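In: Return a 3D structure for these sequence lines:
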Amino acid sequence: MRSLEEKTVRLLGGVVEAQTLRLYIRLLVADGCPVDEAADLLGGAEEVETLLQAGMAQVCEPAVDLPTRLVPVPMDVVLQHTLVGLARKALADYERLLGGYQRMCALASSTREEPDTSVGQLAQLITDADEVSRLTSTLLGSVQREWLTLSNHAPAEPMDGAGITATPSPVGRGARCRAIYDGDLLAETVARDKMESIAETGIEVRILPRIRMSLGLADEGVALLPLTSSETAGVLLVQSSVIVGALWEYFELLWERAIPYGGSGANRKGLPEIHIKILRLLVQGLSDDAIAQQVNLSLTTVRRHIKALRENLDIRTRFQLGVIAVQHGLVD
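Out: The predicted structure is shown next:
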């Protein structure tokens, strides 16, 4: 349990408020608890509400005859949720800072003094669509080492994974390009086709469930944070080395957990037909019992086939099975 606590502190320490983090760790170590015992475990009803409001715990309705449980939200989801909240707060703080800075510029102008431009160089809010497009194209055109994309929506164009057209991919200049997309996009044929096209250009694509924010990172020096699902609707341009460095580390953390995606070709691994049928049903979200009924096999036999699939494809979770099924052209 000590290693679990240490891992949690390494991931969330300094990001989540200390007292809230202690409550989360207590629930995490206990692997959840019945709802009517949660107040005793955490120290009171107010503490339970704190975790629920922070999005770090959720009430789970189990099977019949079992008590309702309070369970911890997965650590990576907590981190994403917290960062989104911090980003929104930072944006609000920045807008106030920008307003004050503009007043300072006006005052300096009236007294013929030169204002300090260092504040505006650290972060800048850009809402003009044409300016956002030009800025993104300029960044893509100047990337020398690496361009990273994290996105919870489908790319508008396949060339760069960032939704900007008519811009040469940094891959052609020898830069490494990596992109992580939300797993829900696999359910959309158009989105899958675009991700396939992106992967075929040499961009490394991975899939991760439940991505809550989008960002672009260029050469560890600049970050673009879209304000909406459309990059051209407005972005926050960040050039603070501290903030960009933290976002880069966050991307690397997600990259390690994401599942490689790319390439096409139905049944490239020569899977038995029964495995293909089971894969299709797994992707639809059917339980083992429901799959057994669909393929007219016993539950034991179906579970044996699922185990063989996981061993053959070297995967551990149903989410990974779904990604593999999509890559092999086994879903419509």
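In: what separates Leu247 from Leu208, distance-wise?
Out: 16 Å (C-beta to C-beta, to the nearest Å). Just so you know, the C-beta spots here come from the backbone N, C-alpha and C atoms, and that holds for glycine as well.
In: hmm, I was thinking of Thr82
Out: The value you get for Thr82 to Leu208, if C-beta to C-beta is used, is 17 Å.
In: Show the low-confidence segments of the stretch 51-200 of the chain, by residue range.
Out: Residues of the stretch 51-200 of the chain that meet the criterion pLDDT under 70 lie in 63-64, 87-88, 90-122, 156-168.
In: where exactly do the strands run in it?
Out: With DSSP state E, counting those that start in this stretch as the criterion, the stretch 51-200 of the chain has strands at 57-60, 69-72, 123-126, 146-151, 176-182.
In: Export those as CSV, with columns for mean neighbour count and distance to Arg22.
Out: Shown next, in CSV, are these (neighbours: other C-beta atoms under 10 Å; distance: least, C-beta to C-beta, whole Å):
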stretch, mean neighbour count, distance to Arg22
strand 57-60, 16, 13
strand 69-72, 20, 13
strand 123-126, 16, 32
strand 146-151, 23, 29
strand 176-182, 22, 30
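In: Nearest to Thr8, out of these?
Out: Thr8 lies closest to strand 69-72 among these, at 9.5 Å (C-beta to C-beta).
In: elements contacting that closest one?
Out: Secondary-structure packing of strand 69-72 (3 or more C-beta pairs under 8 Å, 6 or more residues apart in numbering; DSSP states H and E): helix 18-29, strand 33-34, helix 35-42, strand 57-60.
In: Who does it pair with, and is each partner parallel or antiparallel?
Out: The strands beside strand 69-72 in its sheet (DSSP bridges) come out as strand 33-34 (antiparallel), strand 57-60 (antiparallel).
In: ok, residues contacting that strand?
Out: If you take C-beta atoms under 8 Å, 6 or more residues apart in numbering as the criterion, strand 69-72 is touched by 24, 27-28, 31-35, 38, 48, 51, 56-60, 62.
In: just stretch 39-50 next, same as before
Out: So stretch 39-50 is contacted by 20, 23, 26-27, 30, 33, 38, 51, 57, 70 (C-beta under 8 Å, 6+ apart).
In: now do stretch 237-244
Out: 121-126, 135, 217, 220-225, 247.
In: now for those, which pair is the farthest apart?
Out: The most distant members of the contacts of stretch 237-244, if one measures by C-beta to C-beta, are Leu125 and Glu220, lying 21.8 Å apart.
In: Could you check how far the most centrally placed residue in the chain is from Glu6?
Out: The chain has Ile211 as the residue nearest its centroid, 2.8 Å off, counting by C-alpha atoms, centre = their mean. Distance, Ile211 to Glu6, by C-beta to C-beta: 26 Å.
In: Asp184 now?
Out: 32 Å.
In: between those two, which one's more packed in?
Out: The neighbour comparison of Asp184 against Glu6 (other C-beta atoms under 10 Å) goes to Asp184, with 15 against 12.
In: Give me the spatial nearest neighbour of the more buried one, chain neighbours excluded.
Out: Pro209 (7.6 Å; C-beta to C-beta, 6 or more residues apart in numbering).
In: wait, doesn't that neighbour sit right on Asp182?
Out: Yes - counting by C-beta atoms under 8 Å, Pro209 touches Asp182, with 7.3 Å between them.
In: Ala292 is in contact with His305, isn't it?
Out: No - using C-beta under 8 Å, Ala292 makes no contact with His305, being 9.9 Å away.
In: and the contacts of strand 69-72, which are buried?
Out: For the contacts of strand 69-72, a neighbour count by 16 or more other C-beta atoms under 10 Å gives the buried set as 24, 27-28, 32-33, 35, 38, 48, 51, 56-57.
In: circling back: let's have the strands paired with strand 69-72 in JSON lines, adding distance to Ile259.
Out: Listed next are these as JSON lines, based on distance: least, C-beta to C-beta, whole Å:
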{"stretch": "strand 33-34", "distance to Ile259": "31"}
{"stretch": "strand 57-60", "distance to Ile259": "24"}
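In: For Leu254, which residues are in contact?
Out: 76, 150, 180, 208, 211.
In: what's the neighbour count on the first one?
Out: Neighbourhood size, Asp76 [other C-beta under 10 Å]: 16.
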